[in-house]
Structures are given as structure tokens and as C-alpha cells.
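K.L.:
Give the three-dimensional model of this entry:
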Amino acid sequence: MTATALPARTGTGTSRQLAGTGALLRFNLRRDRVVIPAWVAVTALLVLSLPGSLRSVYSTPAERADIARQMLGNSSLRATYGPVFSDSLGGLTAWRIGGYAAILAGIMSLIVVVRHTRDEEESGRQELVSSAMVGRSAPLTAALLTAFVADSALTLLITAGLAGQGSAGALALGLGIGGVGMVFATLAAIVAQFTDSGRLAKGLTGGLLGTAFALRAVGDSTTNDASSPATWISPIGWLENLRPFASERWWVLALFAAAALVQGFAAYELAGRRDVGMSFLPARPGPANGRLGTAAALAWRLQRGAVLGWSLGFLAAGVAFGGITKGAADLVGDNARTREIIERMGGRSGIEDAFLATMVGMFGMLAALYAVSSVLRLHSEETTGRAEPVLANAVGRLRWAAGHLTIAFAGAALIMLLSSLGLTLGYGAEPGPILAAGLVQLPAVWTLGALAVLLHGLSPRLSPLSWAAAGLALLLGWIGPALNLPQAVLDISPFGHLPKLPGGDMAWGPVVALTGIAAALVAVGLAALRRRDLTA
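P.N.:
Below you'll find the predicted structure:
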């Protein structure tokens, strides 16, 4: 992008502050022309696939009414999914996937805003752009508009796709999910003013998103109508209280609008009070010796926050899902279709073992996202120019990469152990079988992480494809069994080849094979990284 591509700064006051916003918005959308459509499409597909799956599982109104009654009486499942306000297909869709789709919208929005604000300042590109005819408020405005475009597209897809279940409910669900996205977009804009790195801004905003989910869960565990003060504090709880497909409360949308406007105003005020590239909480400088005297120590310093956050999140989630295992098994009852889906995901052992295996598999697929994210720290270090000073010293590329890869692969093992430990504590079982089941997921997790190593080693431009591979594995594992996809399609994911533990028979062949594939991909990726030019 060049300065000549931006309009001249004309006018007074607000017009000068916003000069160049249109050009920056077009540039942001062009940069995200793959990421945003892919994220929106996957999130929308998760929502739109639910009515058909629910219809196949609960084929009659009586069955749907019965499951709704049972859900309202199970505090553990209310904490996980929220209360049910309608036993229609639309109402059950909003109950089952609405909160999780809102989380995905929030993650997408915070990533978009931080990418086009703090990340740009951290790389130095914002200072270059600001030297042209660009208003001071233009970059933040363009970033928020980019998030608004993404959330609006998601809203339209959900509304159009679920209109057959009820146009009012579809619109309410779409607006609620998009509203959660904008709340966390503007929250990310505030957090970005206080941090000196995009990674920290994403982590802190993601932590606030997790806190919102936890507040919603705590509130819903104590009431069956989402009336708890804890639920009302959370934007995800607002989506529940909007009550899509169940006598919609349209006034709740005002909460989303008010939060987005107030937080957006605060972000503009804060951005106007600091210099480009600075933050209100600057990093504390430290010596490049002692604990930071090696490439591995530096890698740990850069990634320890992410490791801690993922570890605590997986442990807490494990305890929560372990606690609902018995209740979920009771709800399955004699429903053959539900049992079939769980068995496809978790194996044909007893229903509780199958449910635990399903949860372990889901944790494995989520751990793959951590592995890819951690491996791609190499990409951000390289493309922002921070790797060059390190490699200019007596540090080879393999040694530099090894520090980050050790954290990626060992960190994946740690969070799988903690999630399995959490399941054990929540379920109240012997730790051995569940811990073993968690470790069995690692070869598939490492394979996806190793694919990220290979793609980055070949070229940084190929690195985003790692997210596509991890997202595909998650999509196949999450909704593939419910859609009754052929086993050959499910086997595209490395997780489709692993034994279903606990309860199933151990098969060492796929475990050894995937481990070997992961090692080979890492070796080839490191060889390619060693031979190519940086950022080439």
C-alpha cells in the first residue's frame, strides 16, 4: 500500500481525523479476503447444520419436548449449553450452538481488530501509513468497520439459513451472535491501547471472552431461566436472554448496541491520548542474559502466557465436562440416533466411556489449534523482523526454531494431560484410562502442528493454510458424525484413525504411523527453513 493510494487530508475536525478510512477499510478487507470468509462460513455452517441433525435425533415434537424438560432439570448441562426456552427445532438450535457460535464470532472479531491496530503498530507499518494523508482515527475506524463487515455477513447467513425455522427467531439469533462479535471487537480495541504486543492483546481479550462464558455458565447452573445476575453480566448471557425462537425480547439488542458504543468511544479516547507504537502499559525491559540468554529461554518468555492460559482453560473445561458425563449418559437413554452419533465419535463401548472418548477427542482437536498457533509464532517473529536480530548472533535457524517447536509440541502434551486430569476429577474415575486416552490424541495433534512447520518452512505465505487444515479436522470431528458423513471422509482428519479410548481397544499401528509422519514433516520443514531466505 502506498501513500498515493490514500486520499488527501481535507476538511476540518472529524473529517481530518477520519481521512483515509475508506482506503484502509478496502485494504483490510483485501488482506483478510481468505480468513474472514472462511471463519464466517465455518461458523455459519456449524449453526445451519444443527436443525437437520436435531431432526434426525429427535424426530417427533414429543421427543423434543421431553429433551427440553430434561435439560432444564440438569444443572450441569445448563452450565454447558444454557437453558432451553423452546422445544422447536429453531429453539433447540439456539440452545445447542448459539453460545458457541457467539464465542467464535467474538474470537474472529477480536483477532480482526487487533490484527489491524496493535499488530500494525508493532510491525511499524502503522507509523508508515500515518505519515501519509491518513487521519489519526482512521486506522481504528477501519479496523472496527472490518469487524462489523465480518459480523454482518455472519448475521445475514444465519438469518437467511434459519429463516425456515421462523424468520423472527432467525433474525434474533443472527443479530445476537453478531452483537457478541461487535462487543468483543470494541473490547479488543480498548485492550490494544494498553498492551505493547498484538499477541498479548489477543490473549487478554480472549481471557475476557472466556470469563464471559464462565459467568454465563455459573449463572445458568443456578437458574433455569437465565435470570441470574452472573448471566446478565455476560454478553453471551444477553444472547440467551434475547430468546431467539421463543417470544423474542428485542429490547435486549439495546445492550449489545450500548456496550459496543460505550467501548468504542473509550477506545477512541484512549487512542487519541497516546503516540503510535506506544501503550499505556509499556513492556518492562530486561537483560539479554541469564534467564533470556538462550533462544529456547526467549521462546519460553514469548509463549509462556499462551501455555498458561490454554493449560488452565483445558483443566477447567475437563472438570466441567467430566462432571456432566453421567447426566449426559442419562439423557441419551434409549434414543438410538443420539447413541449412534456418540458411538461414531467415541466408539462402541459403554455410553459413558463413549462420551468420555468423545470429549477427549474434542480436546485433542482443540489442542491442535494450540499447536498450530504456537508453531506459527515462528511466522510472526520472522515477518515482523524480530527474528533477524536473534539470528544475527551466534544462533542458528534450527536452534531458534527448536525453542518454539519444543514449546508447541510439549505444550500440546501438557494441555492434553491437564484436560484428561480434569475429566478424571470431574467424573470421579481412576486416572489411568482417561490419561492414556488423552495421550493417544497427541500423534494427531502433532501431525497438524508438524504440517504447520512444513508449510512455514517452505514459505511464510503458506502458513495460513495450517489453520485451514486444523479447522477442517475440527469441523469433521464436530459435525461429521452428526451429518452421517462416510468414514472415508472422516478419515481425512488424522483424528479419524486413532483408537477410541477409554473403553475401546488400543491400536498401536495408527499411533506409531502418525508419530512418524509428524517427525518426517518437521524434518522436511526445518530443512526447508534452513535453506530459504527469511520472509521469502
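
K.L.:
Low-confidence regions, the stretch 1-150 of the chain specifically.
P.N.:
In the predicted model of the stretch 1-150 of the chain, residues 1-14, 73-77, 132 satisfy pLDDT under 70.

K.L.:
Which helix or strand in this protein has the lowest average pLDDT?
P.N.:
Lowest mean confidence among the helices and strands of the chain (mean pLDDT, DSSP states H and E): helix 336-346, at a mean of 56.

K.L.:
Following element in sequence after that helix, please.
P.N.:
Counting by DSSP states H and E, the next helix or strand C-terminal to helix 336-346 is helix 351-375.

K.L.:
Show me what that following helix is packed up against.
P.N.:
Contacts defined by 3 or more CB pairs under 8 Å, 6 or more residues apart in numbering; DSSP states H and E place helix 351-375 against helix 295-323, helix 325-332, helix 336-346, helix 397-427, helix 431-440, helix 442-458, helix 465-479. For glycine as for every other residue, the C-beta is placed from the backbone atoms N, C-alpha and C.

K.L.:
Tell me which of those helices sits nearest to residue 523.
P.N.:
Closest to residue 523 of the helices and strands packed on helix 351-375 is helix 442-458 (CB to CB; 9.0 Å).

K.L.:
Just list what the closest one packs against, helices and strands only.
P.N.:
Where contact means 3+ CB pairs under 8 Å, 6+ apart, helix 442-458 is packed against helix 351-375, helix 397-427, helix 465-479, helix 508-531.

K.L.:
ok now the first one, how far from the chain's centre?
P.N.:
How far helix 351-375 lies from its chain's middle: 14 Å, per CA atoms, centre = their mean, to the nearest Å.

K.L.:
Okay, angle between that helix and helix 295-323 too, please.
P.N.:
With axes from the mean of the first three to the mean of the last three CA atoms, to 10 degrees defining the directions, helix 351-375 sits at 160 degrees from helix 295-323.

K.L.:
mean confidence for helix 351-375?
P.N.:
Helix 351-375 shows a mean pLDDT of 85.

K.L.:
Output the contacting helices and strands for the helix or strand following that helix.
P.N.:
Sequence order places helix 377-383 as the next helix or strand after helix 351-375, per DSSP H and E. On a contact count with 3+ CB pairs under 8 Å, 6+ apart, helix 377-383 meets helix 295-323, helix 387-391, helix 397-427.

K.L.:
mind running it again at 10 Å?
P.N.:
helix 118-123, helix 198-222, helix 295-323, helix 387-391, helix 397-427, helix 442-458, helix 508-531 (3 or more CB pairs under 10 Å, 6 or more residues apart in numbering; DSSP states H and E).

K.L.:
ok now that helix, how far from the chain's centre?
P.N.:
For helix 377-383, the distance to the chain centre is 20 Å (CA atoms, centre = their mean).

K.L.:
Would you mark the buried spots in it?
P.N.:
377-382 (16 or more other CB atoms under 10 Å).

K.L.:
Same check on stretch 30-37?
P.N.:
The neighbour-count check on stretch 30-37 (16+ other CB under 10 Å) flags 32, 35-36 as buried.

K.L.:
and it, how far apart are its ends?
P.N.:
11 Å (CA to CA, to the nearest Å).

K.L.:
which residues are in contact with that stretch?
P.N.:
Residues from elsewhere that reach stretch 30-37 (CB atoms under 10 Å, 6 or more residues apart in numbering): 1, 28-29, 38-39, 108, 111-112, 115-116, 146-147, 149-151, 153-154, 464-465, 467-468.

K.L.:
Let me see the ranges of the helices in the stretch 1-150 of the chain.
P.N.:
14-17, 21-31, 35-48, 50-57, 61-72, 75-81, 89-115, 118-123, 125-130, 138-161 (DSSP state H, counting those that start in this stretch).

K.L.:
Check the ones you listed for me and report the most buried one.
P.N.:
Highest mean neighbour count among those (mean count of other CB atoms under 10 Å): helix 89-115, with a mean of 25.

K.L.:
How far off centre is it?
P.N.:
For helix 89-115, the distance to the chain centre is 10 Å (CA atoms, centre = their mean).

K.L.:
quick one on the thing from earlier: please convert the helices and strands packed on helix 442-458 to JSON lines, extending it with mean neighbour count and distance to residue 445.
P.N.:
What follows is the helices and strands packed on helix 442-458, written out as JSON lines (neighbours: other CB atoms under 10 Å; distance: least, CB to CB, whole Å):
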{"stretch": "helix 351-375", "mean neighbour count": "25", "distance to residue 445": "5"}
{"stretch": "helix 397-427", "mean neighbour count": "22", "distance to residue 445": "5"}
{"stretch": "helix 465-479", "mean neighbour count": "19", "distance to residue 445": "10"}
{"stretch": "helix 508-531", "mean neighbour count": "16", "distance to residue 445": "9"}
